[in-house]
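>>> 3D, please:
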Amino acid sequence: MEAEELERYARHIVLREIGGAGQQKLRKARVLVIGAGGLGSPVLMYLAAAGVGVMGVVDDDIVSLSNLQRQVLHSTESIGMPKVTSAIEAVGRINPHATIEPHQTRITSENAADIVAGYDLVLDGSDNFDTRYLINEICVSLNKPLISAAMSQWEGQISLYDPANGGPCYACVFPERPADGLAPSCSEAGVMGALAGVMGSMMAGEAIKFITGAGESLRGQMLIFDALYGETRKFKLAANSKCPVCGNHS
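Residues are numbered from 1 along each chain as shown. Model (predicted):
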């Protein structure tokens, strides 16, 4: 690393759990972020600041005024701009050493495998169950670890789904999508803006730990954060040997 990079990442390098070797792992990592919205915003900002070398970002949306209450990657000047373009500009201001590979498209069954295959780790910040189930299936088929988070109103959840290494996949934990009306979207139910920052930062933290090998991951565990009452809960998750998606790994 150059002298400027050593100074930039000095607070990581002095952590015994990361050190110079861990920082090099971050520098060489290729991370895919699904969504440049409420969760994707802090993910991209903190992974860029942490020195992750290459980040792919998938989003087909444009920045709107209603996004700005929680999607802190974007600004008022970004309204009308594709989110992936706004993300490139914002990340460039944070860390010129970070590279963003934009995928200005909606992720579908036709393109998901080709996109995911080029990365080491996937972070899913999408806002709908169809995308979450699709990303999970692709990650399982390609043996890619998946960090997925979701939020609504005042509460968020996060886990690392990694059946290739003994953990459950998303479909083990959520075998069926909830009935219509039981899990309304943020546009329908609302969401406290800072909750996106908390959950997205947790995703970035899990990614940094996974890449560097620091600490204990959330593989086989789910963390729930209740912002309204300032409470966190964590419980164990088990792989389902009969899971139609990952049963062959269990």
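
>>> mind exporting the lowest-mean-pLDDT helix or strand in the chain as CSV, just the C-alpha atoms?
Lowest by mean pLDDT, DSSP states H and E among the helices and strands of the chain is helix 186-189, with a mean of 74. These are the backbone C-alpha positions of helix 186-189, laid out as CSV (Å, rounded to 0.1, in the frame of the first residue of the first chain):
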residue,chain,number,x,y,z
CYS,A,186,-41.6,0.9,3.5
SER,A,187,-43.7,3.1,1.2
GLU,A,188,-46.8,1.5,2.7
ALA,A,189,-45.8,1.2,6.4
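
>>> and what about the residue sitting nearest the centre point of the chain, helix, strand or coil?
Nearest to the mean C-alpha position of the chain, by CA atoms, centre = their mean, lies Leu123 at 2.9 Å. Taking DSSP: H, G, I helix; E, B strand; the rest coil as the rule, one finds Leu123 in the strand state.

>>> longest helix of this protein?
For the chain, the longest helix by residue count, based on DSSP state H, is helix 193-212.

>>> can you give me the offset of that one from its chain's centre?
Chain-centre distance of helix 193-212: 7 Å, with CA atoms, centre = their mean, to the nearest Å.

>>> what residues sit buried inside the next helix or strand after that helix?
Sequence-wise, the next helix or strand downstream of helix 193-212 (DSSP states H and E) is strand 221-226. Across strand 221-226, burial judged by 16 or more other CB atoms under 10 Å covers Gln221, Met222, Leu223, Phe225. Quick note: C-beta positions are derived from backbone N, CA and C, even for glycine.

>>> same check, this time on stretch 104-124
Ile107, Ala112, Ile115, Val116, Tyr119, Asp120, Leu121, Val122, Leu123, Asp124.

>>> so which pair among the residues you listed is furthest apart in space?
For the buried residues of stretch 104-124, the farthest-apart pair by CB to CB is Ile107 and Asp120; their separation is 17.6 Å.

>>> using a markdown table, please lay out the buried residues of stretch 104-124 together with pLDDT and distance to Met203.
Formatted as a markdown table, the buried residues of stretch 104-124 follow (pLDDT from 0 to 100; distance: CB to CB, whole Å):
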| residue | pLDDT | distance to Met203 |
| --- | --- | --- |
| Ile107 | 95 | 17 |
| Ala112 | 97 | 19 |
| Ile115 | 98 | 18 |
| Val116 | 98 | 17 |
| Tyr119 | 98 | 15 |
| Asp120 | 97 | 15 |
| Leu121 | 98 | 11 |
| Val122 | 98 | 11 |
| Leu123 | 98 | 5 |
| Asp124 | 98 | 9 |
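
>>> for the protein, which segments count as helices?
So, for the chain - with DSSP H - the helices run 3-8, 10-13, 19-28, 40-50, 83-94, 112-116, 129-141, 170-173, 186-189, 193-212.

>>> check which residues of the second one are buried.
What that stands for is helix 10-13. Residues His12, Ile13 are the ones in helix 10-13 that count as buried (16+ other CB under 10 Å).

>>> same check, this time on stretch 74-94
His74, Ser78, Pro82, Lys83, Val84, Thr85, Ser86, Ala87, Ile88, Ala90, Val91.

>>> once you drop chain neighbours, what's closest to the last one?
Right, Val91. Closest residue in space to Val91, ignoring its immediate chain neighbours: Ala48 at 4.5 Å, by CB to CB, 6 or more residues apart in numbering.

>>> ok, back up a step: I'd like the buried residues of stretch 104-124 as a markdown table, with distance to Ala3 appended.
Converted to a markdown table, those look like this (distance: CB to CB, whole Å):
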| residue | distance to Ala3 |
| --- | --- |
| Ile107 | 39 |
| Ala112 | 40 |
| Ile115 | 35 |
| Val116 | 36 |
| Tyr119 | 29 |
| Asp120 | 27 |
| Leu121 | 28 |
| Val122 | 33 |
| Leu123 | 30 |
| Asp124 | 36 |
